[in-house]
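[1] Mind looking at a prediction? Sequence and model below.
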Amino acid sequence: MNNELIKTIQSKVDQQRLKDTFCPEGSLLRRQQERMLEMLLSFDAICKKHNIPYWLSSGTMLGCIRHGGFIPWDDDLDVEMMRDDYLRFEQVIMDELPDSMALQTHDTDPNYFFFYPKLRDKRSLLEETNNYDKVFKYRGIYIDIFLLEKNPLWTHKLSCNTIGHVYKIMKDPHLNVEAKNNKVARWYDTNNKVVYPVLRFISRFSSGRLVRHTFGVPYPKPRHVTDLFPLDKALFEGHEFPVPHDWHNYLHRMFGNYEALPNLEELHPHVGKIEFYD
């Protein structure tokens, strides 16, 4: 890890001013970030114990390099891992998680219809701006765990078209909650047991060094395996976590000029409301 380059990137931004503006100590957002960090440390310890690779990703990875921690206005936390590694993680996580957390999947929360898991905090309540979470069992502060696998663009787009029906159902004003849940459950089972296994089988025969989010996750931008491995480490909020090997390429492919701040007047939060129970 080129620590001097990271320090140079971070020195271009008035870090303290941004923190004072968006997440001052004691603010709801800062408390949420601290809770996510606490969860990440538990997640990291489990992965280290069982030798399961993962890395900081997306906006969390951007914050790591540009800010040395959370982007000051960021209200979520993203990690990535290969799908095969997640299948191992899923086998051990239930025995390892502290009582204050839960792994949210369709198996642990039947109304949860996303095809990526979340690690949820049980000591908080969070309402997302998209309102999909109203039917979920677990609704606390979360970490998104995005799974990557070989997934050619055409198969990925096809999988996203099928999950698109689920979003249409959730937005249908003519359906009550029970009807929505039943329809969504049928679509989920069809995708999970039929459509996506077929697409996964077909994808085995594709060539190249690209991976994408697992089927049904509507983020098509690829990850280059050579950017990811072997994993490196970097400081995030004062703690060392795994990051992509070539983090510059990873961030440049995703954000372009990642060192520059966005228009701070056009930020879109994920969270509409948040409550803490302790």
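    Okay, I see it.

[2] What's opposite residue 126 in the beta bridge?
    residue 274 (DSSP bridges).

[3] just checking, it touches residue 140?
    Yes - judged on C-beta atoms under 8 Å, residue 126 makes contact with residue 140 at a distance of 6.0 Å. Every C-beta, even on glycine, is put in place using the N, C-alpha and C of the backbone.

[4] Count the residues that sit near residue 117.
    Residue 117: 24 surrounding residues under other C-beta atoms under 10 Å.

[5] which residues in this protein form helices?
    Ranges of helices within the chain are 3-11, 15-22, 28-49, 58-67, 83-96, 153-171, 177-190, 196-203, 225-228, 247-255, based on DSSP state H.

[6] To residue 118, which of these lies closest?
    helix 28-49 (10.3 Å; C-beta to C-beta).

[7] can you pull the buried residues of the closest one?
    Neighbour counts over helix 28-49 (16 or more other C-beta atoms under 10 Å) mark 29-33, 35-40, 42-44, 46-47 as buried.

[8] repeat for stretch 248-260
    Judged by neighbour count (16+ other C-beta under 10 Å), stretch 248-260 contains these buried residues: 250, 251, 254, 255, 258, 259.

[9] any idea how far residue 234 is from the closest residue to the last one other than its chain neighbours?
    Distance criterion C-beta to C-beta, 6 or more residues apart in numbering; nearest residue to residue 259, sequence neighbours excluded, is residue 9 at 5.4 Å. According to C-beta to C-beta, to the nearest Å, residue 9 and residue 234 sit 11 Å apart.

[10] so who does the residue nearest to residue 259 touch?
    65, 66, 259 (C-beta atoms under 8 Å, 6 or more residues apart in numbering).

[11] nearest to residue 19, of these?
    Nearest to residue 19 among the contacts of residue 9 is residue 66, at 12.9 Å by C-beta to C-beta.

[12] Check that closest one and give its pLDDT.
    Looking at residue 66, its pLDDT reads 97.

[13] I figured it was touching residue 258, is that so?
    Yes - counting by C-beta under 8 Å, residue 258 is a contact partner of residue 66 at 6.6 Å.

[14] just checking, residue 70 touches residue 76?
    No - with contact defined as C-beta under 8 Å, residue 70 does not reach residue 76; the gap is 9.5 Å.

[15] ok, longest strand in the protein?
    strand 142-149 (DSSP state E).

[16] Backbone dihedrals for the residue with the largest distance to the centre of the chain, both of them.
    Centroid-distance maximum for the chain: residue 174 at 31.2 Å, with C-alpha atoms, centre = their mean. With angles defined as degrees, to the nearest 10, residue 174 sits at phi -90, psi -10.
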